[in-house]
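Colleague: I would like to see how this sequence folds:
(one chain, ligands or ions: 1)
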Amino acid sequence: MRAHEAGALHGELGSTGPAWLRTPEDVNAILPQLWPTGVARAADGALAVGEVSVRALAEEFGTPAYVLDENDMRERCREFLAAFAGCDVYYAGKAFLCRAVVRIVAEEGLHLDVCTGGELATALSAGMPPERIGFHGNNKSVAELTRAVEAGVGRIVVDSFHEIDRLTAIARDLGRRPAVLLRVTVGVEAHTHEFIATAHEDQKFGFSLAGGAAFAAAQKIVEEGVLELCGLHSHIGSQIFDTSGFELSARRVLGLQAQIRDALGVELPELDLGGGFGIAYTTQDDPATPADLAKRLDKIVADECEALRLKLPRLSIEPGRAIVGPAVFTLYEVGTVKDVDGIRTYVSVDGGMSDNIRAALYGATYSATVASRTSAAPPILARVVGKHCESGDVVVKDEFLPADVQPGDLLAVPGTGAYCRSMASNYNHVPRPPVVAVRDGHARVIVRRETEDDLLALDVG
Ligand code: LLP
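Modeller: Residues are numbered from 1 along each chain as shown. Alright, predicted model coming up:
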């Protein structure tokens, strides 16, 4: 028996729950709230996604690999569109972007939010209609803004007075009238990790509502008349479960909208409420459904508009994580298993903080399962760690795995579609894993694995 076999840790666990609840059946279970809909255990006990076994995936594409259940992602796009009918749903490309993903969201009828020249280039190169692109960022360069205006990007979300001046000069030069939204800092403390909360006063994004900068920016744009001010934008943060933050934020921006109407005589036709909708990483997380979110936000906006006698603006939202996060799992191979007597079992996989920095950076929690087989062995409490040269290289802090987990087993970590490949690094010169999309029995590489030659190609000294 390994250290921390089931029952040994009564009451000591945080998000994974008490040890005595775990049985071999629990450890082998694929809980629908944590896994893409196309994932199930096949007859041989291995996981299959979109009818393709993870054993076959590992054999063909190697490990580690990010595996995208394409139907699951498409279904999430449709769910948001249906729930937010009559709104524009921007997929936030920062969560994960590549050309195949651009095509998926474009085909599904979504808009796309980009926040750098690189993301814009990816979107345009995959044929995203420019008028369906929104361009964000607190420090867009002149080159990036020029490219966006030349390409005819649908909305540019302006974030500072310097940017308004820059964009105004570019618009004059090019003889264009770019449509802009104004990013407003609404002073809402979102309940999430401090690094990913974006609407409290003391931070770099947006124009402060309370301090008057947001109104002053609107006035400047309206009076100069070079840019077309279409509406206001607010994004309060990311991985948020408590919808009251979105509601408060909607109220506050609509208040500003009324102030702009009263003082400047313009009624802005649009309102973008940003993204940030949380997903389940462990069984402790209970996110709202898109239908729930839509119902609440629609009601707040309708009530507030009625109270302020505003026409209902066209709403937009920008979910990233909620669309791609749950559609992907990372497939690793176990390399070593080490019992540290009386403390815990460390299971090392062939990736780590270079393919998923979120545990190290935000203390994010994940779950994991042995993917290549089921096991009747009793559960042990394990920590899944990577192959990098630091002890903070944790993939899953606490998880119950079967006591017979061993080198050569495939291990899968669900919920890795958002902010894992997009934040991946080459730390320790580890090439980044591929992204493999699976659909209806067919697997294709959409981002290929990096090679050592790729790494050396940049090294020109
Ligand atoms: N719109 C704006 C303006 C944003 O800044 C973001 C995320 C989104 C939409 C999409 O948020 P989502 O729906 O994906 O939560 N790296 C962090 C998350 C940073 C989010 C940055 N902005 C993480 O791994 O949790």
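Colleague: show me the longest strand that occurs in the chain.
Modeller: Longest strand of the chain, by residue count under DSSP state E: strand 328-340.
Colleague: who does that strand pair up with?
Modeller: Next to strand 328-340 in the sheet, as set by DSSP bridges, lie strand 65-69 (antiparallel), strand 344-349 (antiparallel), strand 410-414 (antiparallel).
Colleague: what residues does the longest one touch?
Modeller: In this case it means strand 344-349. Contact partners of strand 344-349, identified using C-beta atoms under 8 Å, 6 or more residues apart in numbering, comprise 2-4, 64, 332-340, 380-387, 395, 401, 405, 411. Where C-beta positions appear, they are placed from N, C-alpha and C, glycine not excepted.
Colleague: just stretch 293-305 next, same as before
Modeller: With C-beta under 8 Å, 6+ apart as the test, stretch 293-305 has contacts from 83-84, 87, 243, 246-247, 250-251, 254-255, 271, 273, 277, 288, 310-313, 315, 317.
Colleague: point out the ones among those residues that are inside helices.
Modeller: Counted as lying in helices by DSSP state H, out of the contacts of stretch 293-305, are Ala83, Phe246, Glu247, Ala250, Arg251, Leu254, Gly255.
Colleague: is the second one in contact with His235, as I believe?
Modeller: No - counting by C-beta atoms under 8 Å, Phe246 stays clear of His235, with 9.9 Å between them.
Colleague: which neighbours do these two have in common?
Modeller: With C-beta under 8 Å, 6+ apart, Phe246 and His235 have common neighbours Leu273, Gly276.
Colleague: could you turn the buried ones of the contacts of stretch 293-305 into a ChimeraX selection?
Modeller: Those of these that count as buried under 16 or more other C-beta atoms under 10 Å are selected in ChimeraX with:
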select :83,84,87,243,246,247,250,251,254,255,271,273,277,288,310,313,315,317
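Colleague: out of the contacts of stretch 293-305, which touch the ligand?
Modeller: Among the contacts of stretch 293-305, proximity to the ligand is found for Phe277 (C-beta under 6 Å from any ligand atom).
Colleague: got the confidence number for Ala190?
Modeller: Listed pLDDT for Ala190 reads 69.
Colleague: how about the helices in the stretch 151-300 of the chain?
Modeller: Listed in chain order, the helices of the stretch 151-300 of the chain (DSSP state H, counting those that start in this stretch) span 161-174, 213-224, 244-264, 290-308.
Colleague: is the last one anywhere near the ligand?
Modeller: I take that to be helix 290-308. No - using C-beta under 6 Å from any ligand atom, helix 290-308 never reaches the ligand; the gap is at least 11.1 Å.
Colleague: any idea which residue sits dead centre in the protein?
Modeller: Arg321 (2.6 Å; C-alpha atoms, centre = their mean).
Colleague: I'd assumed Gln239 was in contact with that residue.
Modeller: Yes - the criterion here is C-beta under 8 Å, and Arg321 meets it with Gln239 at 6.6 Å.
Colleague: need the overlap of contacts for these two.
Modeller: Joint contacts of Arg321 and Gln239 (C-beta under 8 Å, 6+ apart) are Gly276, Gly278, Ile279.
Colleague: surely Asp88 is in contact with Arg314?
Modeller: Yes - Asp88 lies in contact with Arg314 (C-beta under 8 Å); the separation is 7.0 Å.
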